[in-house]
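Colleague: with the input below, show me the fold.
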Amino acid sequence: MFNNIGLPGLLLIAVVVLVLFGKGKVSSLMGEVGKGITAFKKGVGDGNAEIEAAKADAAKDVTPSEKDKV
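Modeller: Residues are numbered from 1 along each chain as shown. You can find the predicted model right below:
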């Protein structure tokens with residue numbers, strides 16, 4: 001259904017949104033979207049760091065005889 005919107009359709013949608021909500025509302029909405037994306041990226045980075053720390057801790061806990069089994 002939305003596969004063939006194209007550039008003119010997107011521009012029309014953008015103009016309608018701008019007219020309905022106004023420049024200030026759209027600007028503040030985009031600011032909130034940006035903050036959400038930044039928070040999401042930070043959360044993903046923190047999660048990756050936590051996983052790497054857990055892997056490092058697990059590697060320290062493995063004795064030399066257990067390393068041969070892995």
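
Colleague: distance-wise, check Tyr51 relative to Val26.
Modeller: If you look again at residue 51, you'll see it is Ile, not Tyr. Counting by CB to CB, to the nearest Å, the separation of Ile51 from Val26 is 38 Å. The way it works is simple: take the backbone N, C-alpha and C, and place the C-beta from them, glycine included.

Colleague: more neighbours: which of those two?
Modeller: Val26 (14 against 10; other CB atoms under 10 Å).

Colleague: that one contacts Leu18, correct?
Modeller: Yes. Val26 lies in contact with Leu18 (CB atoms under 8 Å); the separation is 6.0 Å.

Colleague: show me how far the helix or strand harbouring Lys60 is from its chain's centre.
Modeller: Using DSSP states H and E, Lys60 falls within helix 6-61. For helix 6-61, the gap between its own C-alpha mean and the chain's C-alpha mean amounts to 5 Å (CA atoms, centre = their mean, to the nearest Å).

Colleague: quick one: average confidence on it?
Modeller: Taken as a whole, helix 6-61 carries a mean pLDDT of 90.

Colleague: and that helix, what does it pack onto?
Modeller: Other helices and strands packing on helix 6-61, by 3 or more CB pairs under 8 Å, 6 or more residues apart in numbering; DSSP states H and E, are absent; none qualifies.

Colleague: and the closest residue to Ile13 other than its chain neighbours, how many neighbours?
Modeller: Beyond its immediate neighbours in the sequence, the residue positioned closest to Ile13 (CB to CB, 6 or more residues apart in numbering) is Ile5, lying 7.9 Å away. The local packing of Ile5 (other CB under 10 Å) involves 11 other residues.

Colleague: which phi and psi does Ile5 have?
Modeller: Note on Ile5: its backbone torsions stand at phi -70, psi -50 [degrees, to the nearest 10].
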